[in-house]
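# Fold the following, please.
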Amino acid sequence: AENIKRYMSVSESVQMRFGLLVMSALMPSWLRARFLASPIFGLWRKWAALTSAEGLCKLLPGTDEATNRLRSYLSGLWLDAGAPPSRCSFFMQSAVMGGWQKLGEAYPRGGPQETALAMVEAVEQRGGAVFIRCPVESILRDPLTGAAIGVKLSSGDEVRAKRVVSALGYRATEKLLYGGVPGSDLVKTKQSMSFIMANIALKGTKEDLSISAANVWVQPATAKNHYDALEGEQEFFSNPLGCDISLVPAGVTFPSLKDLEDSSAKGGEDHTCQILVGGNYEWFEEHGPSDPDFDKTGARHAPPHVARKDQSGYDALKAKWEARMVEILTAWYPKTKGKVVFCDISTPLTLENYLRAEKGAGVGLDVTPARFVDPSEIAELDMRHPRVEGLWRAGQDYLMCGQVLSAASGIFCALRMLGPVAMLRFGCRAVR
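Numbering: from 1, shown residues only. Here you go, the predicted structure:
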C-alpha cells in the first residue's frame, strides 16, 4: 500500500511538471532552456530520465505475482504512447495512465474525418487554400539569406510565403530542406516504434458478436510468465509471429459502435473492428518501394499501390499477420468466429507511404527519456527552426504525441509566430 501511495504521489508531481513543460513551448528557446534547468524541474529531470520499466520497478519493487500484476496494469496503455515500457520515458507512462483516469476518452460525432473537414472549412473561410493529394517536394529558400520563402509541390507548382510552417515531423522536414544530406539530422532521438493494424469487417449485430464500444488493451502478461508484462514485451518483440497469442500486446476497438448517431451503433448488422499491434520497421524493411523516387510521383492517396521489392513475399508476410490478427479477435471475442467478411492489413510501410512517417514511426520521434531532458535535443526541437529563418515547425515531434497535444502544438506555434501580445489576447479570450 505504501508503494502504491508513493507511485501516485510521484506520478502526480511529474504530471504537474509535464503541464509546465507543455506551456514552456510558448517561450523563446533561450528562455525555455533556463526555465527547464531551474530547480522546479529537478524532480522532472530525475523521473523523466528513467524508462517506464525503470521507474515502475523503482517505485514498485519485487518479483512476486501481485507486484508483477500491478506493474503490468499501470503500464497497460503503453501502445497508445508508441513506445514499450523498456524505452518509454516514465513520465509518459504516468501521463497516459493519469490522463485517462481523469479525462476519459472522446469520439467525434460523424467520425474522425469531421475534424479534418472542420479545419478545411476554417482555413477557407479565412481566405486560405487547401491542397490535397499534392505532396510538398521541397522547401524553397532564398539563395542569399537561406530563409524559407515557400514550398514546391510535386505538381511543379510553387507557393510563396513570408513564413512556412511544417507539420510533417522533424526528419521529414529536414529532408525537404536538405534532401537527406548527411549531417543535416541533428537529433539523436530515433524514430518511434511503428504499428501493424488490421481493419476488419464483421457481419452480425453487436449482440450476436458480443462486442461493445469499449476498447480492450491486451498486455503480454499471463500465468505462464507470472503476469510480468515487462518480460512479456521482450518475448513478443523477439518472436512476434511465433510467440503465444496471449503475449501479443494489442489494442482492440470497434469504430462502428463509437458514434451513437451511426446506424450500426443503433443496431445494424455491419460492424468494423480495428486491431493495433506494436511492431518494428525492420520486420518489413526488405519490402520497401522498388522505385526509389516513389514519393515524388504525385498523389499518395490514389491507386495504383506502390510497387514493392519481392511483392509476393510482402503479400505472404501480410497474410501471416492477417491470420494472427483474426486469431487475436476470436480469442477475445469468440462469437466473431466465422463472422469476418474481410481483413485488410496495414504495416509500417503503409504508414511510411501514406503519412510520410519516417520508417513508419507511429508517433514520430520516440518518447524516450533523452528527448525530454537533454538540453540539446530540446533546443533542436524548438518550434522555430534554429538555423532557417522563416521556418516554423508544429506537430507531435515539437510538443507531444496524441491527438489533443499534436493539434495544440499548431496553436502554440501560431502564438509564437504572432508574439506575446497575441498570446495575451488569446489567454484572455480562453479564460472568459
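# does residue 345 count as helix, strand or coil?
Judged by DSSP: H, G, I helix; E, B strand; the rest coil, the three-state class of residue 345 is strand.
# Look up the closest residue to it, ignoring the ones flanking it.
Closest residue in space to residue 345, ignoring its immediate chain neighbours: residue 318 at 4.6 Å, by CB to CB, 6 or more residues apart in numbering. The C-beta positions use only the backbone N, C-alpha and C, and glycine is treated the same way.
# shouldn't residue 348 be in contact with residue 281?
Yes - counting by CB atoms under 8 Å, residue 281 is a contact partner of residue 348 at 4.4 Å.
# so what sits against both of the two?
Taking CB atoms under 8 Å, 6 or more residues apart in numbering as the contact rule, residue 348 and residue 281 both touch 194, 359, 360.
# can you pull the contacts of the second one?
By CB under 8 Å, 6+ apart, the contact list for residue 359 reads 191, 194, 281, 348, 352.
# Now do it against residue 154, distance only.
Between residue 359 and residue 154 the computed distance is 21 Å (CB to CB, to the nearest Å).
# returning to that earlier point: quick one: which of residue 348 and residue 281 has more around it?
residue 348 (24 against 21; other CB atoms under 10 Å).
# In contact with that one, which residues?
194, 195, 196, 279, 280, 281, 283, 284, 359, 360.
# could I get these as JSON lines with distance to residue 159, pLDDT and secondary structure?
Below are the contacts of residue 348 laid out as JSON lines (distance: CB to CB, whole Å; pLDDT from 0 to 100; DSSP: H, G, I helix; E, B strand; the rest coil):
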{"residue": "194", "distance to residue 159": "31", "pLDDT": "94", "secondary structure": "strand"}
{"residue": "195", "distance to residue 159": "32", "pLDDT": "95", "secondary structure": "strand"}
{"residue": "196", "distance to residue 159": "36", "pLDDT": "96", "secondary structure": "strand"}
{"residue": "279", "distance to residue 159": "36", "pLDDT": "93", "secondary structure": "strand"}
{"residue": "280", "distance to residue 159": "36", "pLDDT": "94", "secondary structure": "coil"}
{"residue": "281", "distance to residue 159": "31", "pLDDT": "95", "secondary structure": "helix"}
{"residue": "283", "distance to residue 159": "38", "pLDDT": "96", "secondary structure": "helix"}
{"residue": "284", "distance to residue 159": "34", "pLDDT": "96", "secondary structure": "coil"}
{"residue": "359", "distance to residue 159": "28", "pLDDT": "90", "secondary structure": "helix"}
{"residue": "360", "distance to residue 159": "28", "pLDDT": "91", "secondary structure": "helix"}
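# Pick out whichever of those sits closest to residue 179.
Nearest to residue 179, judged by CB to CB, of the contacts of residue 348 is residue 359 at 17.6 Å.
# Would you mind measuring from the closest one to residue 368?
15 Å.
# next one: residue 187
Distance of residue 187 to residue 368, given as CB to CB: 11 Å.
# So these two - more neighbours on which side?
Remark: of residue 187 and residue 368, residue 368 carries more neighbours, 20 against 17, as counted by other CB under 10 Å.
# what sits against the closest residue in space to that one that isn't next to it in sequence?
In this structure, residue 368 finds its nearest non-sequential neighbour in residue 87, 5.4 Å apart by CB to CB, 6+ apart. Residue 87 makes contact with 51, 193, 366, 367, 368 under the criterion CB under 8 Å, 6+ apart.
# The same query, at a cut-off of 7 Å, please.
By CB atoms under 7 Å, 6 or more residues apart in numbering, residue 87 lies in contact with 51, 366, 368.
# ok, the first one touching residue 88?
Yes - between residue 51 and residue 88 a contact is recorded at 6.3 Å, counting by CB atoms under 7 Å.
# Neighbour count: the two, which is higher?
Set residue 51 next to residue 88 and count neighbours by other CB under 10 Å: residue 88 wins out with 25 against 20.
# Now that one: closest residue in space, sequence neighbours ignored.
Residue nearest to residue 88 in three dimensions, not counting chain neighbours: residue 52, with 4.6 Å by CB to CB, 6+ apart.
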